[in-house]
Every structure is written in C-alpha cells, then in structure tokens.
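K.L.:
got a predicted structure here, sequence first:
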Amino acid sequence: QVQLVESGGGLVQAGGSLRLSCAASGGPFSIYAMGWFRQAPGKEREFVAQIHWSGARIDYSDSVKGRFTISRDNAKNTVYLQMNSLKPEDTAVYFCAHRSSGSYLLERNYDYWGQGTQVTVSS
C-alpha cells in the first residue's frame, strides 16, 4: 500500500513562495501519475496540478497556471509543487495523490492520498 506524506506548508504573505513536497513509500512510485489537489474552507476539493510518471505530460488548473510548477524525482519517490506569486485565494489544505489510470481531473481515479498540508496566504 502506497503511503504519501506532504510537507512544506505554512504561512506566507501574498506574493511569496512555498515549495510543497510529497514523499511516497510502500509501493511503486515511478510508474504512476501524481497529482496535487487543494481544499479551501467551506469549498470542495479541487484539482491543482498533475504530472505523468515520466514527466512528459503536466497539467494545471487555470487558477494556478503560470504561478505553480509541479515536478517529480522518481529516484527520491517525491513529487513537488513550487508555488510562486501566492495569493490569499490560494489558502487551502493541499493534498498529493497517486493515480493509476483514468482522467487526472477526477478524484475517484486517485487511489492513495496524503493527509494534507496547510497553506495560508495573508494579504
């Protein structure tokens, strides 16, 4: 069973940057796609970014495109989310997730999830 542990969240001022990490263990990592989702207070969880196992395909939500960068290091079983030019509306709990198949936009296609890390952006 794959276990995912996020880290790197925190409090940052608007315009600042954070880098989230998600370390995987307990199963094969390099052959699966990985995604980041987020959930703001009172809102549904939403897709943020995803990366193919090879890194050949990357997708972002429109709200983070141009500001966030997803990457992975298969040798370290880790996926990253570099977040720049942060805005107060980026405040949320960020989750990484492991996807075996299917559309990257659908939560049901992600079979393992981390516990989440809080990102708070002050204005």
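P.N.:
That came through, no problem.

K.L.:
average pLDDT across stretch 92-101?
P.N.:
The average pLDDT within stretch 92-101 is 94.

K.L.:
go ahead and name everything in contact with it.
P.N.:
With contact meaning Cβ atoms under 8 Å, 6 or more residues apart in numbering, stretch 92-101 is reached by 2, 4, 6, 9, 20, 22, 24, 29, 32-41, 43, 45, 48, 50, 79, 81, 107, 109-119. Quick note: C-beta positions are derived from backbone N, CA and C, even for glycine.

K.L.:
can we see that at 6 Å?
P.N.:
When contacts are defined by Cβ atoms under 6 Å, 6 or more residues apart in numbering, stretch 92-101 is touched by residues 2, 4, 6, 20, 22, 32-33, 35-40, 109-114, 116-119.

K.L.:
using PDB, list the CA coordinates for the worst-scoring helix or strand of the chain on mean pLDDT.
P.N.:
In the chain, no helix or strand scores lower on mean pLDDT, DSSP states H and E than strand 110-113, which sits at a mean of 94. What follows is strand 110-113, C-alpha atoms only, in PDB (Å, rounded to 0.1, in the frame of the first residue of the first chain):
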ATOM      1  CA  TYR A 110      -6.700   8.700  -7.400                       C
ATOM      2  CA  ASP A 111      -6.300   5.700  -5.200                       C
ATOM      3  CA  TYR A 112      -4.000   6.900  -2.500                       C
ATOM      4  CA  TRP A 113      -4.000  10.300  -0.700                       C
END
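
K.L.:
endpoint to endpoint, stretch 3-13 covers what distance?
P.N.:
Using Cα to Cα, to the nearest Å, one end of stretch 3-13 lies 31 Å from the other.

K.L.:
next: stretch 76-89.
P.N.:
End-to-end distance (Cα to Cα), stretch 76-89: 31 Å.

K.L.:
likewise stretch 111-123?
P.N.:
By Cα to Cα, the extent of stretch 111-123 from end to end equals 35 Å.

K.L.:
any buried residues in that stretch, and which?
P.N.:
Buried residues in stretch 111-123, defined by neighbour count with 16 or more other Cβ atoms under 10 Å: 112-114, 116-117, 119, 121.

K.L.:
and that stretch, how far out from the chain's middle?
P.N.:
Relative to its parent chain, stretch 111-123 has a centroid offset of 8 Å by Cα atoms, centre = their mean, to the nearest Å.
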